[in-house]
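Colleague: The sequence isn't on hand, but the structure is:
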C-alpha cells in the first residue's frame, strides 16, 4: 500500500520535528484584534494598530527569549507588521531560529475545575493525559503541544512539567503552545509604557525559560513570581 506524498511533505516533516525540539515550545501570539483589545484594556492601553504592534515587538525582541521557542503563531495583521526600525517580524523570528505560522485549528474543551468541579493535582493530570496519549497517539508524531486553556501562567507550567517528569514511554516531545500563559505577567509589567519595556521583557524571558525547563521535566518552580503569574486566566466562553 503506497502513501501519497505531496510536494511539501519533506518540509512539513522537518518543520514538525523542529517544533518538537526538546526544551522549546510555541508562543501563541495569534490573538484577534478583539481579543488582544481585552488584554490591552486590562492595562488601560488603547486597542490600536500601533499599540498591538508595540506589544508584539516587545515579545519578539526580548533578548534571549527566542532560544526557548521553536515557533510563534501569528495573527494575520502581525504577519505583515515590522519593528520600529522597519524589520518585518517574520524576519526577526526566522533569524532567531523560530518558525512563524498562522493558526488554522478551532475549539477547546473545559478543564477539570472550570465550573466549580473538583480540581486535581498536576500529577493526576499528568498521569491521565500521558496515558491517553500512549493509547491513541502514534509514536511517529514528533510532538504534542498543549494550550494553557485559561490556567494561570504558573499552573500551566507546573502541569506541563508534571507530564514530562512522569516515568514511562513518551516517544513524542510534550511541549507548549501558550498565549496568555506566556504574556500575562509581561502585560502587567509593560502597562503600555516605553520605560517599562526592560521589566516586561524580563518577565517574558522568565516565562519562556520556565516553560523550556518544563518540557524537560526540570522546572523547580519560582520563589518570586512576577505579578500576574499566579492569576487565573479563565474567561467563560472564551473565543479568539
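Modeller: In hand now; what should we look at? These numbers were taken from a predicted model, which means no experiment stands behind them. Residues are numbered from 1 along each chain as shown.

Colleague: how about low-confidence regions in the chain?
Modeller: 1-4, 103-117, 223-240 (pLDDT under 70).

Colleague: The most centrally placed residue in it pairs with what?
Modeller: For the chain, the residue nearest the mean C-alpha position is residue 178 (2.1 Å; C-alpha atoms, centre = their mean). Counting by DSSP bridges, residue 178 is bridged to residue 27.

Colleague: Give the buried residues for the longest helix anywhere in the chain.
Modeller: Looking across the chain with DSSP state H, the single longest helix is helix 197-215. Of the residues in helix 197-215, 197, 199-215 count as buried by neighbour count, 16 or more other C-beta atoms under 10 Å. Placement of C-beta: from N, CA and C, glycine included.

Colleague: do stretch 211-227 as well
Modeller: 211-215, 217, 219, 222, 225-226.

Colleague: Tell me which two of the residues you listed sit farthest apart.
Modeller: Spanning the widest gap among these are 217 and 226, at 22.6 Å by C-beta to C-beta.

Colleague: Pull the number of nearby residues for residue 71.
Modeller: Here the count is done by other C-beta atoms under 10 Å, and residue 71 has 23 residues near it.

Colleague: should've said residue 133
Modeller: For residue 133, the count of nearby residues is 17 (other C-beta under 10 Å).

Colleague: now residue 136
Modeller: 7.

Colleague: distance of it from residue 27?
Modeller: Per C-beta to C-beta, to the nearest Å, residue 136 is found 27 Å from residue 27.

Colleague: Could you check how far residue 204 is from residue 86?
Modeller: 23 Å.

Colleague: re the thing from before, could you list which residues are in contact with the residue nearest to the centre of the chain?
Modeller: Residue 178 is in contact with 25-28, 147-148, 156, 211, counting by C-beta atoms under 8 Å, 6 or more residues apart in numbering.
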